[in-house]
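> Provide a 3D model corresponding to the input given below.
(one chain, ligands or ions: 1)
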Amino acid sequence: MSGLPTLSAVRIAADRVVLRESRESDRDRLIELRTDPEVGAHIGGPNPREAVERRIDEIGMAGLTDAPGVFVIADRATDAFIGTVQLTAVDADQPGHLADNTEELELGYLLHRDAWGAGLAFEAATAVLRAAAAELPDQPVILRTQTANTRSQRLAARLGFQPVRTFEWFDAEQTLFAADLHSFKA
Ligand SMILES: CC(C)(COP(=O)(O)OP(=O)(O)OC[C@H]1O[C@@H](n2cnc3c(N)ncnc32)[C@H](O)[C@@H]1OP(=O)(O)O)[C@@H](O)C(=O)NCCC(=O)NCCS
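As a prediction, this is how the structure comes out:
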């Protein structure tokens, strides 16, 4: 269980997207996201539909975002589900930290395939980081992504994260990125 606080907001509005809690009406789009082979290509592969549905049944749609710092990204005009973004503490015993045995906040993002290439992940991530920078003390934020995940690497760089080092995890080379939280202050 993490003791590192993350941001407390449950809704954040940006230009084209809104970050909000998950709803029952997001279910079909969430299943599409989690079963898409292209979305899963660098994060362990696609999940079988049955497994995704079983998991949703276990936790309920509301369970997707019930932890602080976890949001659905929705289209601000239509409220349609676009993906998820999170700023949450990484357990100290996972690989890919800046400091050994230390919890750190990590940014993560997953976008439905039909929303790629429009700057929406950048917008959602920026909104979360700005809100966190306004609320929390300055601290490092990390981002871990497969080195082969070029879209995610480009996004990390555009957001202002710096590559720190590479490491092996899940039989693949990963890159650890880091940035100071207060560098995202609006
Ligand atoms: C990683 C991921 C979120 C990146 O999504 P993305 O849409 O490429 O990221 P951005 O929001 O930064 O959009 C940037 C792209 O939109 C384009 N774009 C178009 N209109 C734009 C606008 N108005 N503003 C900004 N960018 C715009 C940019 O040119 C850029 O395209 P390029 O990378 O081909 O040059 C997405 O590929 C994904 O969900 N992948 C699967 C899950 C995953 O691997 N997650 C990471 C785990 S570590």
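> Tell me the span between the first and last residue of stretch 168-186.
35 Å (CA to CA, to the nearest Å).
> cool, and stretch 35-52?
With CA to CA as the measure, stretch 35-52 spans 7 Å from end to end.
> Please apply the same query to stretch 30-48.
13 Å.
> Need the phi and psi values for the residue of the chain found nearest the ligand.
Using CB to the nearest ligand atom, the closest approach of the chain to the ligand is made by Gly119 at 2.2 Å. C-beta: built from backbone N, CA, C; applies to glycine. Note on Gly119: backbone dihedrals following degrees, to the nearest 10 are phi 80, psi 10.
> The chain should start at 97 in everything you say after this.
Fine by me, first position is 97 from now on; the one you just mentioned is Gly215.
> residues touching it, list them.
Neighbour list for Gly215: empty [criterion: CB atoms under 8 Å, 6 or more residues apart in numbering].
> Could you do Asp171 as well?
With CB under 8 Å, 6+ apart, Asp171 has these contacts: 112-114, 178.
> Equivalent analysis for Ala223, please.
108-110, 113, 115.
> Now the element after the lengthiest helix in the chain, going C-ward?
Secondary structure of the chain per DSSP state H: the longest helix is helix 216-231. Once the chain leaves helix 216-231, the next helix or strand it forms, by DSSP states H and E, is strand 236-242.
> I'd like to know which elements that next one is packed against.
Judged by 3 or more CB pairs under 8 Å, 6 or more residues apart in numbering; DSSP states H and E, strand 236-242 is in contact with strand 200-207, helix 246-255, strand 268-276.
> run the last query once more with 10 Å
On a contact count with 3 or more CB pairs under 10 Å, 6 or more residues apart in numbering; DSSP states H and E, strand 236-242 meets strand 177-186, strand 200-207, helix 216-231, helix 246-255, strand 258-265, strand 268-276.
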